[in-house]
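K.L.:
here's a sequence, model it:
(one chain, ligands or ions: 3)
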Amino acid sequence: MMKRVLKMLGWTAAGILVLILLLVGYVSASWDKPVERRIPAMKAPRDSASIARGQFLYQTAAQCWQCHGENRGPGGYPSGGAVEDLRDIGPGFGIWYIPNITPDIETGIGSWADGEIVRLLREGVKKDGRPAFIMPSERFNGLSDEDVLSLVAYLRSFPPVKNVVPPHEPSIVAKALFTFGIIKAQPEVKDVIPTPAPGVTVEWGKYLTAHASLCMDCHSAVDLSTGQFYKDSLLSGGNFPFGKKGPGQPYDAPTFAFGKNITPDAETGIGTWTESQFLDAVRIGVRPDGTVLVGHMPYAYIGLWPENDLRAVYLYLKSVPAVNKRIPPVEFGKIFSEGRGVVLGAAIFDTYCKTCHGEAGKGAPPTKLVLAEIANTIDDATLEKFISQGQPSLRMPGFTKTLSKDHLGDVVAYIRTLKK
Ligand code: HEC
Ligand code: HEC
Ligand code: HEC
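P.N.:
Ligands and ions are numbered 1, 2, ... in the order given. Sure, this is the predicted structure:
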């Protein structure tokens, strides 16, 4: 009797093993099948106004550089190569590489037709017809014809950079998600999408939040078993900390932060924030309680949007369903408890100052000021006082509620080490 049971169990195990092998074989053979999708017959304009609009979208609104930029920064050329190591995320999605999107014919997108780039951006279908992963096409699916063509015009204006990027190394789990259509292309855009009329309206705010920027991506949770956003709780906060390995991180930072709940929930979201409190947060990173947001929140760039656009975003955020969900506070790396002096000052600078002042204080979009140049003209006490009080009219936030006296001293010590 015992023997028979054991024998049966053995056969069952063997059967399961064969099934698994068949499944792995099937997934490996069929995960990268192209989808049938027509190429839109669209031509990008070449005029300077369109290129300027594309540049605004690339740098300030949609912030493509968060992934595609050289060193994931806003400057430089998008010649690719950055690594998305997703082996430890959820079930493990493998290793993905950011492609070269300069107009180089061999290694970039120089051979792509305008319509093929439009299809990739809005529908997430690559030149070879395969669905794109990580690229936020779910967001860009609603970009207007005018805006998506401006982006194409801007991408074409970069000089071609030759840079071969390694092929992706998707895990078997990622391949299975492609095979079973969980990771898939976005819906086909069949009709003309007009740009909504700009103005302080919910409609314009929705367009900016849901399609022309990444607010929704950073502020929403991802189902880590499938890599897809939970659609029923968008904007109620992320579950993927910025600063750790993964998508959407501009630089290695000593702090880890989740996109916060920005639905109108009074307790856990921004339901009680007035419009002017909201504007302070998204323009200079200052919360209603006076503390400053860490630089993973790209307020340095969002702050460059026209004021009425941000007021429209506020209106839209007030109109979405309130979700009661508490997001964990910023996690500070070991350096904050163990570091001292200049070392800790550098970490504080990377966390709070770099987003506006640039790498080593050499300047970034909100200020061209080179900190190394002014540091020698001001004594320590005056510098500490300035940083602590800030100058909101110039877009310099005050850090009195955020940094202790010691921390102010550390960051000033770091500024003293900067070279021109
Ligand atoms: C969160 C990171 C991220 C952001 C933000 C992002 N991309 Fe991508 N993009 C990727 C990844 C990853 C791929 C490769 C997808 C694949 O091969 O499956 C890609 C692919 C592309 C491609 C196709 C290149 C090729 O060779 O397949 C183009 C063109 C592109 N992105 C342009 C843009 C533009 C323009 C923006 C902003 C409007 C943008 N991307 C924003 C991550 C990103
Ligand atoms: C690259 C990711 C990213 C993008 C894009 C982004 N945010 Fe954030 N945001 C964050 C992170 C991370 C925080 C939390 C920072 C902290 O706690 O110090 C944050 C914080 C905030 C806060 C403060 C909330 C609070 O309770 O303290 C507001 C408001 C906000 N973001 C609005 C926006 C809006 C509006 C947009 C689009 C225009 C946007 N964010 C785009 C990552 C992002
Ligand atoms: C939201 C963007 C922003 C952030 C964040 C920010 N700054 Fe500034 N900072 C500015 C701007 C804008 C100026 C004014 C530049 C000018 O005068 O043109 C400035 C000016 C300064 C000056 C020059 C003072 C002078 O007398 O000219 C110092 C020093 C400085 N910041 C240090 C810091 C430090 C240290 C941090 C982080 C703890 C920080 N800033 C964070 C935007 C920012």
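K.L.:
quick one, domains of the chain?
P.N.:
For the chain, automatic domain parsing gives the domain ranges 48-179, 202-319, 333-417.
K.L.:
average pLDDT across the first one?
P.N.:
Confidence for domain 48-179, expressed as mean pLDDT, is 94.
K.L.:
is any residue of that domain near ligand 3?
P.N.:
No. Using C-beta under 6 Å from any ligand atom, domain 48-179 never reaches ligand 3; the gap is at least 13.7 Å. Backbone N, C-alpha and C define where each C-beta goes, glycine included.
K.L.:
can you list the residues of the protein near ligand 2?
P.N.:
Contact residues (C-beta under 6 Å from any ligand atom) of the chain with ligand 2: 66, 213-215, 218-219, 242, 248, 257, 259-260, 262, 270, 281-282, 287, 293-294, 296-298, 302, 313, 330.
K.L.:
give the buried subset of the residues you listed as a PyMOL selection command.
P.N.:
Entered in PyMOL, the line below selects the buried ones among these, by 16 or more other C-beta atoms under 10 Å:
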select buried, resi 66+213+214+215+218+219+242+248+257+259+260+262+270+281+282+287+293+294+296+297+298+302+313+330
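K.L.:
just checking, Phe256 is part of a helix?
P.N.:
No. Secondary structure of Phe256 (DSSP: H, G, I helix; E, B strand; the rest coil): strand, not part of a helix.
K.L.:
ok, it touching Val330?
P.N.:
Yes. Because the distance of 7.0 Å satisfies C-beta atoms under 8 Å, Phe256 is recorded as touching Val330.
K.L.:
run through the residues that contact Asn261.
P.N.:
Contacts here follow C-beta atoms under 8 Å, 6 or more residues apart in numbering; on that basis Asn261 touches His219, Leu235, Ser236, Gly237, Thr268, Gly269, Ile270, Val323, Lys325, Arg326, Ile327.
K.L.:
and the nearest residue to the third one once chain neighbours are set aside, backbone torsions?
P.N.:
Excluding its sequence neighbours, the residue lying closest to Ser236 (C-beta to C-beta, 6 or more residues apart in numbering) is Val323, at 3.6 Å. For Val323, the backbone dihedrals are phi -120, psi 130 (criterion: degrees, to the nearest 10).
K.L.:
same check, this time on Met396
P.N.:
Backbone torsions of Met396, given as degrees, to the nearest 10, read phi -100, psi 110.
K.L.:
shouldn't Val164 be in contact with Gly108?
P.N.:
No. Assessed by C-beta under 8 Å, Val164 is found out of contact with Gly108, at 10.0 Å.
K.L.:
overlap in contacts of these two?
P.N.:
Joint contacts of Val164 and Gly108 (C-beta under 8 Å, 6+ apart) are Asn100.
K.L.:
what about these two, which has more around it?
P.N.:
Shown here are Val164 and Gly108; by other C-beta atoms under 10 Å, Gly108 has more neighbours (24 against 11).
K.L.:
need the contact list for that one.
P.N.:
If a contact means C-beta under 8 Å, 6+ apart, then Gly108 has Ser79, Gly80, Pro99, Asn100, Ile101, Thr102, Pro160, Val161, Asn163 as its contacts.
K.L.:
next, count neighbours for the third one.
P.N.:
Residues contacting Pro99 under the criterion other C-beta under 10 Å number 23.
K.L.:
ok, the fourth one next?
P.N.:
Neighbours of Asn100 under the rule other C-beta under 10 Å: 24.
K.L.:
that one should be in a helix, yeah?
P.N.:
No. Using three-state DSSP, the secondary structure at Asn100 is coil, not a helix.
K.L.:
what sits against the spatially closest residue to it that is not a sequence neighbour?
P.N.:
Nearest non-adjacent residue to Asn100, counting by C-beta to C-beta, 6+ apart: Gly80, 3.7 Å away. Contacts for Gly80 (C-beta under 8 Å, 6+ apart) come out as His68, Tyr97, Ile98, Pro99, Asn100, Ile101, Gly108, Asn163, Val165.
K.L.:
what's the answer for Leu149, then?
P.N.:
Leu149 neighbours (C-beta under 8 Å, 6+ apart): Met42, Lys43, Ala44, Pro45, Ser50, Asp114, Val118.
K.L.:
by neighbours, which of these wins?
P.N.:
Going by other C-beta under 10 Å, Val118 tops those with 25 neighbours.
K.L.:
kindly report the residues of this structure close to ligand 1.
P.N.:
For the chain, the contact set with ligand 1 under C-beta under 6 Å from any ligand atom comprises 58, 62, 64, 66-68, 84, 96, 98-99, 101, 109, 117, 120-121, 126, 132-136, 140, 151, 155, 247-248.
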